[in-house]
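In: need a 3D model of the sequence below.
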Amino acid sequence: MSEQATPRTAPRLAPSLGKLSNVPWWLLVAILIGLFIVYEIITDDQTNTIFFAVGKGIRVTFIVTISAYTLALVIGLLVGFGRVSKNPVAYNIATFYVEVIRGVPMLVLLMYIAFVAVPSLINGINALGDWLVATGIGTGEALTNVTSRNVDNTVRVIVGLGVAYGAFSAEIFRAGIESIEKGQMEAARALGMSYFQAMRLVILPQAVRRVLPALGNDFVAMVKDSSLVSVLGVQDITQLAKLYAASTFLFFQTYSILAFIYLIITILLTRFVRWLERRMRIGV
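Out: As a prediction, this is how the structure comes out:
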């Protein structure tokens with residue numbers, strides 16, 4: 001009688017190897033590279049000079065990012081309401097905005113707003129001022145004196161980034177609102193709430209909770225896209241790096257420091273977003 005064959009089982013990894021496979025090696029390598037660059041900044045005078053010359057633009061980078069993202073959230077929320085509205089006018093206007101803005105490259109949109117939209121708005125303000133002066137209203141004279149120079153490039157890029165990311169935020173809010181069960185709205189309306197009361201008190205708080213990680217990822221992306229404002233001469237870290245490299249010809253050192261600064265900012269923000277996601281999952 002032949003012995004019964006026993007099924008073979010896949011070899012198991014040793015416990016020590018299993019633990020090692022869970023170590024975030026990419027993060028350890030990134031930390032080692034970061035420590036090396038920090039050591040160079042501390043010990044090497046040239047690297048130290050480059051870091052502080054470029055680092056002066058961090059304040060402008062954060063001002064542009066935070067201001068533009070706040071504007072994007074406001075636009076995104078309003079347009080998101082339009083995207084889920086049953087009003088055909090509101091729905092089509094919101095959809096037109098989203099489709100057009102998402103179809104234009106970010107850099108092109110920034111230049112269009114800075115060099116086309118803002119001058120056109122100034123011309124409209126001047127025309128309004130001329131009309132007010134013609135009708136005898138003295139305050140119109142102040143509007144006729146407004147020029148494009150009165151609008152700083154920083155304001156233009158904030159508006160540009162806000163308008164661009166407003167389209168992406170609108171789709172995030174739309175997805176969050178539509179993810180809430182229809183019964184929630186029906187129950188709120190059955191309790192006597194109006195549509196806007198139900199949306200504000202019942203639907204929107206749940207939707208924001210669900211899309212908060214996606215909004216956080218958009219904020220991290222905007223930090224990186226804020227480097228595009230250097231095209232308009234805004235003194236962020238990218239623009240300062242370009243100017244320093246052009247004047248010293250230290251391109252390798254300067255752009256390595258620039259990449260390091262962006263990497264540190266985005267890694268810290270990404271870790272914060274991941275932590276926020278875990279906290280939200282625990283709280284569900």
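In: residue 235 contacts residue 59, correct?
Out: No. With contacts counted by CB atoms under 8 Å, residue 235 stays clear of residue 59, the gap being 9.5 Å. The way it works is simple: take the backbone N, C-alpha and C, and place the C-beta from them, glycine included.
In: between these two, tell me which one has more neighbours.
Out: Taking neighbours as other CB atoms under 10 Å, residue 235 and residue 59 compare with residue 235 leading, 17 against 12.
In: please report phi then psi for that one.
Out: Main-chain torsions, residue 235, degrees, to the nearest 10: phi -80, psi 60.
In: now do residue 152
Out: Per-residue torsions, residue 152: phi -70, psi 150 (degrees, to the nearest 10).
In: check it and give its pLDDT.
Out: Per-residue confidence at residue 152 stands at 86 (pLDDT).
In: over to the one 10 residues further on?
Out: Residue 162 carries a pLDDT score of 94 in this model.
In: cool, and residue 139?
Out: Here, the pLDDT recorded for residue 139 equals 68.
In: quick one: list the elements packing against the strand or helix carrying residue 220.
Out: Taking DSSP states H and E as the definition, residue 220 sits inside helix 204-225. On a contact count with 3 or more CB pairs under 8 Å, 6 or more residues apart in numbering; DSSP states H and E, helix 204-225 meets helix 58-83, helix 153-179, helix 251-283.
In: most packed of the ones you listed?
Out: helix 153-179 (a mean of 21; mean count of other CB atoms under 10 Å).
In: gap between that one and the chain center?
Out: Chain-centre distance of helix 153-179: 8 Å, with CA atoms, centre = their mean, to the nearest Å.
In: what's the angle between it and helix 204-225?
Out: With axes from the mean of the first three to the mean of the last three CA atoms, to 10 degrees applied, the angle from helix 153-179 to helix 204-225 works out at 140 degrees.
In: after helix 153-179, which helix or strand is next? Please name it.
Out: helix 182-190.
In: could I get the CA-only coordinates of that following helix as CSV?
Out: Extracted as CSV, the C-alpha positions of helix 182-190 are listed here (Å, rounded to 0.1, in the frame of the first residue of the first chain):
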residue,chain,number,x,y,z
LYS,A,182,-30.7,59.5,-0.7
GLY,A,183,-32.6,58.4,2.4
GLN,A,184,-30.7,61.0,4.4
MET,A,185,-32.1,63.9,2.4
GLU,A,186,-35.6,62.3,2.4
ALA,A,187,-35.5,61.9,6.1
ALA,A,188,-34.4,65.5,6.6
ARG,A,189,-37.1,66.8,4.3
ALA,A,190,-39.7,64.7,6.1
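In: got a list of contacts for that helix?
Out: Helix 182-190 is contacted from outside by 195, 197, 198, 199, 201, 202, 203, 206, using CB atoms under 8 Å, 6 or more residues apart in numbering.
In: in what helix or strand does the third one lie?
Out: Going back to what we said before, that points to residue 198. For residue 198, the host element (DSSP H and E) is helix 195-198.
In: which ones are touching the closest residue to residue 245 other than its chain neighbours?
Out: Excluding the flanking residues, the one nearest residue 245 by CB to CB, 6 or more residues apart in numbering is residue 254, at 4.1 Å. Counting by CB under 8 Å, 6+ apart, residue 254 touches 50, 54, 241, 244, 245, 248.
In: any idea which of those residues is closest to residue 125?
Out: Closest approach between the contacts of residue 254 and residue 125, by CB to CB: residue 241, at 35.7 Å.
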